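J.: Need coordinates for the following:
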Amino acid sequence: MTIHGGQKNLEDALNAEIFFEGRKLELSEALYDSKKSPFLQRGMDYKIHVKNLKKTVNDVALKEFFTQYGEVVNCY
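T.: Below is the predicted model:
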């Protein structure tokens, strides 16, 4: 998932206990080649991995949920 919103929103998401559809989600910052991506360095967009989702999760609902941490650019 890529979210436009800056470093503060990334920290808010990573530090929160997030529950979605009855499950506690595990979030981690997505890194590219063990380095922060250029987007992260500019502080504009950030990528996160979301684990512990139900297999039947709806991308639209997930995208809508994560808008509290910034504009969701893509969600897959």
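
J.: In three-state terms, how would the residue nearest in space to the middle of the chain be classified?
T.: Among the residues of the chain, residue 48 comes closest to the average C-alpha position under Cα atoms, centre = their mean, at 4.0 Å. Three states are possible here, and by DSSP: H, G, I helix; E, B strand; the rest coil the one that applies to residue 48 is strand.

J.: From residue 54, how far out is it?
T.: Remark: distance between residue 48 and residue 54 (Cβ to Cβ, to the nearest Å) = 18 Å. C-betas here are computed from N, CA, C, even on glycine.

J.: Equivalent analysis for residue 5, please.
T.: In this view, residue 5 and residue 54 are 25 Å apart by Cβ to Cβ.

J.: These two: which has the busier surroundings?
T.: Neighbour tally, residue 5 and residue 54, criterion other Cβ atoms under 10 Å: the higher count belongs to residue 5, 21 against 10.

J.: List the residues that contact that one.
T.: Contacts were defined as Cβ atoms under 8 Å, 6 or more residues apart in numbering; by that measure residue 5 touches 45, 46, 69, 70, 71.

J.: Show the contacting residues for the first one.
T.: Contacts here follow Cβ under 8 Å, 6+ apart; on that basis residue 45 touches 2, 3, 4, 5, 39, 73.

J.: Within the sheet, what are the partner strands of the host helix or strand of the second one, with directions?
T.: What it means is residue 3. Residue 3 is part of strand 2-4 when elements are defined by DSSP states H and E. If you go by DSSP bridges, strand 2-4 pairs up with strand 45-51 (antiparallel), strand 71-74 (antiparallel).

J.: in whichever helix or strand comes after that strand, what counts as buried?
T.: Tracing the chain past strand 2-4, the next element assigned as helix or strand by DSSP H and E is helix 7-15. Of the residues in helix 7-15, those buried by neighbour count under the rule 16 or more other Cβ atoms under 10 Å are 9, 10, 13.

J.: Is the last one in contact with residue 28, as I believe?
T.: No: taking Cβ atoms under 8 Å as the contact criterion, residue 13 and residue 28 are not neighbours in contact, 10.2 Å apart.

J.: Thank you kindly, that will do.
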